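[1] Here is a sequence with its predicted model. Questions after.
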Amino acid sequence: MSSLHQTIATLAPDGEEYRIEAPELWAQGRTLFGGMTAALAYGALTRAHGDLGPLRSAQFSFIGPASGHLRFRPELLRRGKSSAVVGVDCRNEDGLAARSTFFFGAPRDSAVAHDYVARLDVPPPDACESFARGTKPPAGFIARYERRIATGSRILNPGSKPEFAVWARLVDGEGGDPLAALLAATDCLPCAAWVDFPKPAPVSTMSWSVDFLQPLASSTGWTLIHSVSEAAADGYSLQDMRVYNEAGEPLLVSRQVVAIFA
């Protein structure tokens, strides 16, 4: 099996684009997981533009299935004294599959410094049970992660608060670039609205924003993903997420709009 790092490394330069056949091992159904599409977009960006400073924020719009022969085209949209903005379009034979925007910002002197991101008090990974339910083994992207529930509700438990915190790590333990690995890992859980589903049904992330805490704490090994569906109506869920390292230090905050078909 190809690790996350090995898969991203297969991006092949072709003029101003980077090409790859959508890896089935990192997909589910007819498309790559959003986290894998994001990781590949970031991988293409770093190949094209090198060091742009710390990544502060990223925004992703998932427009169509990321399948087949994918082409990632990074474009430097703006370069200032301390910041840079890069757009990355992902296309396949059917047209635009995803559009990403990455915001980089070098450190600057500032009189303002604080951190009020809420921490979680949960058991360590070794004291937690598997997040999976049933005996059917996972496949595709999900099979590449070990996941253990630390607190909150199980999926398919209608009436329970749609919230959980889950420890996750790569099965093969090799993520390569820590930011690419972090983007992929953040998407390795079902949306929290699945807690309130009466039975399994499809979902599709429409938009995803990720803001990174700086300086970025180490994220090797286990990461703790806290996910909450804040509101759901009319077939859409608004989801809030926080991700921490094994020491409990916050790594990123995130929001998603998810289409649900239940």
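    That came through, no problem. Residues are numbered from 1 along each chain as shown.
[2] what's the pLDDT at Arg144?
    The confidence metric pLDDT takes the value 90 at Arg144.
[3] And Thr135, by the same measure?
    57.
[4] go on, Glu129?
    In this prediction, Glu129 has a pLDDT value of 95.
[5] do Met1 as well
    pLDDT, read off for Met1, is 51.
[6] Next: Pro65.
    In this model, Pro65 carries a pLDDT of 95.
[7] Does it touch Gly95 like I think?
    No - counting by CB atoms under 8 Å, Pro65 sits too far from Gly95 to count as a contact (10.5 Å). Backbone N, C-alpha and C define where each C-beta goes, glycine included.
[8] more crowded one of the two?
    Between Pro65 and Gly95, counted using other CB atoms under 10 Å, the more crowded position is Pro65 (17 against 8).
[9] Enumerate every residue touching the more buried one.
    Contacts here follow CB atoms under 8 Å, 6 or more residues apart in numbering; on that basis Pro65 touches 30-31, 92, 94, 97.
[10] Of the residues you listed, which belong to strands?
    Filtering the contacts of Pro65 for membership in strands, criterion DSSP state E, returns 31, 92, 97.
[11] Same list, the residues you listed, but as TSV with distance to Val166, neighbour count and pLDDT please.
    Shown next, in TSV, are the ones in strands among the contacts of Pro65 (distance: CB to CB, whole Å; neighbours: other CB atoms under 10 Å; pLDDT from 0 to 100):
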residue	distance to Val166	neighbour count	pLDDT
Thr31	22	21	92
Asn92	31	18	97
Ala97	27	24	98
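[12] Tell me, please, the helix or strand in the protein that averages the lowest pLDDT.
    Of all helical and strand segments in the chain, the minimum by mean pLDDT, DSSP states H and E falls on strand 27-28, at a mean of 86.
[13] which SS state does the residue lying farthest from the centre of the chain fall under?
    Ranked by distance from the centre of the chain (CA atoms, centre = their mean), the top residue is Ala111, with 31.9 Å. Going by DSSP: H, G, I helix; E, B strand; the rest coil, the secondary structure assigned to Ala111 is coil.
[14] can you give me the helices in this protein?
    Secondary structure of the chain by DSSP state H: the helices cover 4-9, 34-49, 178-185.
[15] which helices and strands does the longest one pack with?
    Same thing as helix 34-49. helix 4-9, strand 17-21, strand 55-62, strand 69-79, strand 83-92, strand 95-105, helix 178-185, strand 203-212 (3 or more CB pairs under 8 Å, 6 or more residues apart in numbering; DSSP states H and E).
[16] who's the nearest residue to Leu77 once chain neighbours are set aside bridged to?
    Closest residue to Leu77 apart from its sequence neighbours, by CB to CB, 6 or more residues apart in numbering: Val85 at 4.5 Å. Counting by DSSP bridges, Val85 forms beta bridges with Arg78, Phe103.
[17] one step back: okay, the contacts of Pro65 in TSV with distance to Leu70 next?
    Output for those, formatted as TSV (distance: CB to CB, whole Å):
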residue	distance to Leu70
Arg30	13
Thr31	10
Asn92	5
Asp94	11
Ala97	7
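[18] contacting residues for Ser82?
    53, 105-106, 108.
[19] which among those residues end up buried?
    Buried members of the contacts of Ser82, scored by 16 or more other CB atoms under 10 Å, are Gly105.
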